[in-house]
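Trainee: model the structure of this input:
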Amino acid sequence: MIFRSRRSSGFTLIELITVITIIGVLAVVVGPRFASSDVYEERTFLDDLSAALQYARAKAAGSGCITQVDFTSSGFTVSVDSDCNSSNGFAATAVTNPGDYTTGFSERAPLPSGSSYVATVDPILFDGRGRAMNSALNVLSAAAQVTVGGTVITVEGATGYVH
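Mentor: Numbering: from 1, shown residues only. Coordinates of the predicted model:
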């Protein structure tokens, strides 16, 4: 007679308990990162602000009109000089949003609660050559910085370069 050993297929109880324990530990460690979206919202605001500064510079250089990024307590707005004549001062008019072609260019989402941002120059204006200026229409002698959370956006005065 030939005896065949009986092989069973499947997982042992020890293997199942080990896998469930590993999944539980991962859920406890990694789970809270996905529950809080403040970091992502802050990054979205930072990216919107950087894009707005770059757009304002390009708009000013392309049109020859002074363009302004004005900072508010929860966001920003982009506007252009209505008569393109800097000798008359700056008279703001809303800029068309390049993303959806609506009137008024501001942040897509407000700064999340608990986050803050600070600008060393408020508002930042760009002249027809793309240079960054202060509200007195003087070209900045030093770079302007906008800090959102822990990240800094720098706007060079002489060139208007945003980085």
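Trainee: ok, and the closest non-adjacent residue to residue 52?
Mentor: Nearest residue to residue 52, sequence neighbours excluded (C-beta to C-beta, 6 or more residues apart in numbering): residue 78, at 5.3 Å. Every residue, glycine included, has its C-beta placed from N, CA and C.
Trainee: for that neighbour, what are its contacts?
Mentor: Residue 78 makes contacts with 52, 55-56, 59, 67-70, 95, 105-106, as judged by C-beta atoms under 8 Å, 6 or more residues apart in numbering.
Trainee: confirm that it sits in a strand.
Mentor: Yes - assessed with DSSP: H, G, I helix; E, B strand; the rest coil, residue 78 lies in a strand.
Trainee: and the pLDDT for it?
Mentor: Per-residue pLDDT puts residue 78 at 87.
Trainee: ok, so what distance separates it from residue 56?
Mentor: As judged by C-beta to C-beta, to the nearest Å, residue 78 and residue 56 stand 5 Å apart.
Trainee: again, but for residue 90
Mentor: From residue 90 to residue 56 the distance is 13 Å (C-beta to C-beta).
Trainee: what sits in contact with each of the two?
Mentor: Joint contacts of residue 90 and residue 56 (C-beta under 8 Å, 6+ apart) are residue 68.
Trainee: tell me where this protein is predicted with low confidence.
Mentor: Low-confidence segments of the chain (pLDDT under 70): 1-8, 33-36, 86-89, 100-102.
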